[in-house]
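Colleague: this one's sequence-less:
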């Protein structure tokens with residue numbers, strides 16, 4: 001792998017640029033800004049006027065680069081994605097995955113489509129709020145129903161999961177009573193993400209107040225000595241990049257819906273700097289997962305592990321960040337994506353769960369979600385290169401979505417498998433509601449951006 005110059009940290013000029021550009025760019029990511037009145041928001045007319053409702057496949061094909069057309073594989077995958085979400089996923093999860101009695105969402109369904117009687121994690125509630133907001137955007141189900149469901153779940157989330165300290169607890173029982181009161185950083189990140197989605201569709205100031213209170217908790221009690229925040233699991237203090245990635249995602253979601261609030265911009269700046277100066281190793285561009293307290297990668301016989309899926313995910317987020325006025329990270333994110341591609345099996349097109357920093361495989365099993373992140377990185381970063389270089393990105397996106405559909409072969413339609421073992425067999429695990437967040441995010445990006453990529457096929 002060729003050497004690149006060390007990554008430059010976030011400069012004061014970058015922060016000024018973020019502040020100036022966030023308002024203008026905020027309608028290009030995550031979800032559109034919607035009318036402030038909840039009643040007008042939930043009318044179909046308001047949704048249509050806002051531009052929040054997604055395009056049809058026919059409309060999307062018209063978005064292709066002039067003089068080019070989307071190949072038949074991509075056209076089929078766009079239509080297949082929209083049909084699967086609309087005909088299989090949301091009819092099932094609206095019927096079986098929403099708790100009409102207690103509020104909020106069911107944690108998981110069995111492969112027979114029956115709700116599982118298990119504790120309900122805050123992370124699942126947060127992700128499903130996002131999924132239903134995105135379903136309204138894509139018209140995967142009735143938009144009013146989707147947004148009402150998301151908003152009701154967000155209010156239940158505020159009531160059952162957010163503590164007086166500002167923190168978010170890990171899980172509750174079905175009746176809303178606390179089941180696990182631990183405060184993992186990962187959970188805090190998704191709580192902020194949920195509140196951003198709720199605020200985006202309602203402009204209800206209570207969601208912002210809750211988010212600022214949670215952020216104050218992190219600054220008061222969770223700041224790590226060498227920067228960033230501590231992860232706490234089973235009484236142990238850990239230093240990990242993954243929860244910071246989702247905290248970065250939450251900061252960007254807030255910038256998209258509340259672009260004048262400096263707290264979100266400052267959080268994004270802090271996390272960008274941590275990522276580019278500590279998580280990413282400047283000599284190789286690889287991004288580590290687990291660290292010592294001074295943010296040095298944890299070594300195993302002189303090597304540290306990487307996750308291809310997180311390389312794709314960080315690459316996509318850094319592109320979103322720049323759209324929202326953040327610094328130019330073009331070389332950084334394209335290098336991350338290139339490294340992620342080295343963790344994809346050339347024959348099966350399945351992404352490995354883990355590789356070593358020398359890019360050799362560590363764990364050849366394949367969970368579903370890295371394919372979602374590969375799709376997102378391919379279609380978004382593909383539009384950042386010249387047209388004559390986009391075909392490889394288009395192919396990666398198509399391969400990843402085709403691989404992803406392999407996880408959806410279940411007896412009850414609208415469910416999914418979580419992981420393939422190295423021999424290709426699936427692990428036995430009930431379909432988790434949290435998975436839909438990855439899937440619908442990837443399909444949203446594919447449906448809206450894939451038609452714009454140059455397939456290098458002339459009319």
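Modeller: Good, I have the coordinates. What you are looking at is a predicted structure, and each value in this text was computed from that prediction instead of being measured.
Colleague: so what pLDDT did residue 277 get?
Modeller: Looking at residue 277, its pLDDT is 98.
Colleague: where does it fall, phi/psi-wise?
Modeller: Backbone torsions of residue 277, given as degrees, to the nearest 10, read phi -110, psi -20.
Colleague: residue 356 too?
Modeller: Phi and psi for residue 356, reported as degrees, to the nearest 10, are phi -90, psi 170.
Colleague: hang on, it packs against residue 306?
Modeller: Yes - the criterion here is Cβ atoms under 8 Å, and residue 356 meets it with residue 306 at 7.0 Å. Where C-beta positions appear, they are placed from N, C-alpha and C, glycine not excepted.
Colleague: who's more crowded, those two?
Modeller: Using other Cβ atoms under 10 Å as the criterion, residue 356 and residue 306 rank with residue 306 on top: 27 against 18.
Colleague: residues contacting the more buried one?
Modeller: Residue 306 makes contact with 286-289, 339, 343, 354-357, 359, according to Cβ atoms under 8 Å, 6 or more residues apart in numbering.
Colleague: pick the one among those residues closest to residue 179.
Modeller: For those, the closest approach to residue 179 (Cβ to Cβ) belongs to residue 289, at 27.5 Å.
Colleague: that closest one: how many residues sit nearby?
Modeller: Residues near residue 289, counting by other Cβ under 10 Å, number 16.
Colleague: in which helix or strand would I find residue 317?
Modeller: In the assignment (DSSP states H and E), residue 317 maps to helix 308-323.
Colleague: quick check: mean pLDDT across that helix?
Modeller: The average of the pLDDT scores along helix 308-323 is 98.
Colleague: tell me what it is packed against?
Modeller: If you count contacts as 3 or more Cβ pairs under 8 Å, 6 or more residues apart in numbering; DSSP states H and E, helix 308-323 packs onto helix 242-257, helix 262-274, helix 330-341, helix 369-382.
Colleague: and the following helix or strand past the last one, what's buried?
Modeller: Scanning forward in sequence from helix 369-382 by DSSP H and E, the next helix or strand is helix 391-405. Residues of helix 391-405 classed as buried under the neighbour-count rule (16 or more other Cβ atoms under 10 Å) are 391, 393-401, 403-404.
Colleague: and residue 413, that one's in a helix?
Modeller: No - secondary structure of residue 413 (DSSP: H, G, I helix; E, B strand; the rest coil): coil, not part of a helix.
Colleague: among the helices and strands packed on helix 308-323, which is the most enclosed?
Modeller: Neighbour counts (mean count of other Cβ atoms under 10 Å) averaged over each of the helices and strands packed on helix 308-323 peak at helix 369-382, with a mean of 28.
Colleague: next, the contact list for residue 114, please.
Modeller: The contact partners of residue 114, taken as Cβ under 8 Å, 6+ apart, are residue 96.
Colleague: any stretches of the chain with poor pLDDT?
Modeller: The chain contains residues with pLDDT under 70 at 1-70, 456-459.
Colleague: many thanks, we can stop here.
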